[in-house]
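[1] whatever this is, show me its structure:
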Amino acid sequence: MAPDTRVNPPETAGERETLVGFLDYFRATVHLKASGLSDADGAKQLLPSLTTVSGLVQHLTDVESFWFRGRIDGQQGIRTRWNDEDPDGEFRVAESDSLVRLLAEYEDACRKSREVLQRYDLADRCRGGNAGQSVRWILVHMIEETSRHCGHLDILRELLDGSTGD
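    Numbers count the residues shown, from 1 in each chain. Have a look, this model is predicted:
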């Protein structure tokens with residue numbers, strides 16, 4: 001596993017800084033848990049479901065774009081790998097899918113999400129999809145979504161190579 005360079009969330013900051021700090025911590029945890037694996041290990045299916053390291057990274061990339069750019073900012077044409085015909089499409093990966101590339105795409109999606117978030121207050125309403133949701137709600141949801149999948153990544157990493165840790 002790569003060296004742990006995560007920054008702990010602030011303990012005495014305001015609401016926005018605390019929420020963003022937690023989300024960034026869990027985003028960095030995704031990188032920590034997935035870094036250093038081969039493409040084959042990233043795509044290795046260890047569970048009956050489609051849950052793999054690479055699949056989780058693809059899923060998190062898509063949800064970053066969907067929630068921040070699509071919902072908060074109202075951008076049209078946001079590409080996701082899931083659809084009505086294949087609701088689990090973002091989890092489908094092959095051994096040849098580059099985990100390094102998938103992680104770079106995830107970081108790019110996170111960067112774009114940060115840019116969107118800077119333009120809005122927490123109480124602002126979303127411009128796309130369900131306009132009743134607040135930016136605060138999306139941010140809390142993404143903390144929940146990302147942290148839950150960090151737990152999945154933690155278990156998968158231990159099953160793949162025995163690496164443990166938070």
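[2] which pLDDT value does the model give the most centrally placed residue in the chain?
    Taking C-alpha atoms, centre = their mean as the criterion, L60 is the residue nearest the geometric centre of the chain, at 3.1 Å. On pLDDT, L60 comes in at 98.
[3] what sits against it?
    30, 106, 109, 145-146, 149 (C-beta atoms under 8 Å, 6 or more residues apart in numbering). Glycine gets a C-beta too; all of them are placed from N, C-alpha and C.
[4] how about a cut-off of 10 Å?
    By C-beta atoms under 10 Å, 6 or more residues apart in numbering, the residues touching L60 are 26-27, 30, 34, 90, 102, 105-106, 109-110, 142, 145-146, 149-150, 153.
[5] and those, which of them are in strands?
    Using DSSP state E, no member of the contacts of L60 sits in strands.
[6] who wins on neighbours among the residues you listed?
    A34 (25 neighbours; other C-beta atoms under 10 Å).
[7] so that residue touches A104, yeah?
    No: between A34 and A104 there is no contact under C-beta atoms under 10 Å: 11.4 Å.
[8] pull out the buried positions in the helix or strand containing L160.
    For L160, the host element (DSSP states H and E) is helix 135-161. Buried residues in helix 135-161, counting neighbours by 16 or more other C-beta atoms under 10 Å, are found at 135-139, 142-143, 145-146, 149-150, 152-154, 156-157, 160.
[9] same thing with stretch 55-74?
    55-73.
[10] also stretch 73-88?
    73, 78, 81-82.
[11] show me where the protein has its helices.
    15-34, 39-43, 53-64, 99-118, 135-161 (DSSP state H).
[12] okay, those in JSON lines with distance to A2 next?
    What follows is the helices of the chain, written out as JSON lines (distance: least, C-beta to C-beta, whole Å):
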{"stretch": "helix 15-34", "distance to A2": "6"}
{"stretch": "helix 39-43", "distance to A2": "14"}
{"stretch": "helix 53-64", "distance to A2": "13"}
{"stretch": "helix 99-118", "distance to A2": "10"}
{"stretch": "helix 135-161", "distance to A2": "11"}
